[in-house]
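# Below is the structure, and that's it, no one-letter string:
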């Protein structure tokens, strides 16, 4: 979304910076490394008087049970967990059988699971 100012959380120690950026309205959305971090961020925001998504949108990654049980329910990215696990095991077995063989990289496209933690800022469909 063109009007969004997004902050990405990838490691611990984000709390003070997130609160300051939200207070100063310098960000409109937070993208978290996973759903666990997103739920912790949600708790931090609510405990400090902020509303999700009215004050700031929040997105996780994993589509874990945490995302569908939080209030508001967390918008998140899903990925094929079972398929990823199976493919990783097969890669390991191939590597054991043929240590010299180069393993190919595998890429999966995540899906967006839209729930209640995101507010649309720009409704112009051409820009999405």
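Received it, and whenever you're ready, just let me know what you need. Being a predicted model, the structure only gives us computed values, none of them experimental.
# My read is that residue 29 contacts residue 59, right?
Yes. Residue 29 is in contact with residue 59 according to Cβ atoms under 8 Å; the separation is 6.8 Å. In this view, the C-beta of every residue, glycine as well, is placed from N, C-alpha and C.
# Tell me which of those two has more neighbours.
Taking other Cβ atoms under 10 Å, residue 29 and residue 59 do not tie; residue 59 has more neighbours (24 against 20).
# ok, now how distant is that one from residue 78?
12 Å (Cβ to Cβ, to the nearest Å).
# now swap in residue 53 and tell me
19 Å.
# same question, residue 24
Taking Cβ to Cβ, one finds residue 24 at 32 Å from residue 78.
# Then residue 21?
From residue 21 to residue 78 the distance is 27 Å (Cβ to Cβ).
# who has more neighbours, these two?
More crowded of residue 21 and residue 78, by other Cβ under 10 Å: residue 21, with 17 against 14.
# Walk me through which strands the helix or strand of the chain with the lowest mean pLDDT pairs with, and which way each runs.
The helix or strand of the chain with the lowest confidence, counting by mean pLDDT, DSSP states H and E, is strand 6-9 at a mean of 77. The pairing partners recorded for strand 6-9 under DSSP bridges are strand 29-32 (parallel).
# Quick check: what element follows the strand it pairs with along the chain?
Going down the chain from strand 29-32, the next helix or strand is helix 35-47, by DSSP states H and E.
# How far does that following helix sit from its chain's centre?
The chain centroid and the centroid of helix 35-47 are separated by 12 Å under Cα atoms, centre = their mean, to the nearest Å.
# And stretch 69-86, by the same measure?
9 Å.
# List the buried residues for that stretch?
Buried residues in stretch 69-86, counted by 16 or more other Cβ atoms under 10 Å: 70, 72, 74-77.
# mean confidence score for that stretch?
Averaged across stretch 69-86, pLDDT comes to 89.
# again with stretch 97-105
86.
# which other residues reach that stretch?
91, 94-95 (Cβ atoms under 8 Å, 6 or more residues apart in numbering).
# swap the cut-off to 6 Å and go again
By Cβ atoms under 6 Å, 6 or more residues apart in numbering, the residues outside stretch 97-105 that reach it are residue 91.
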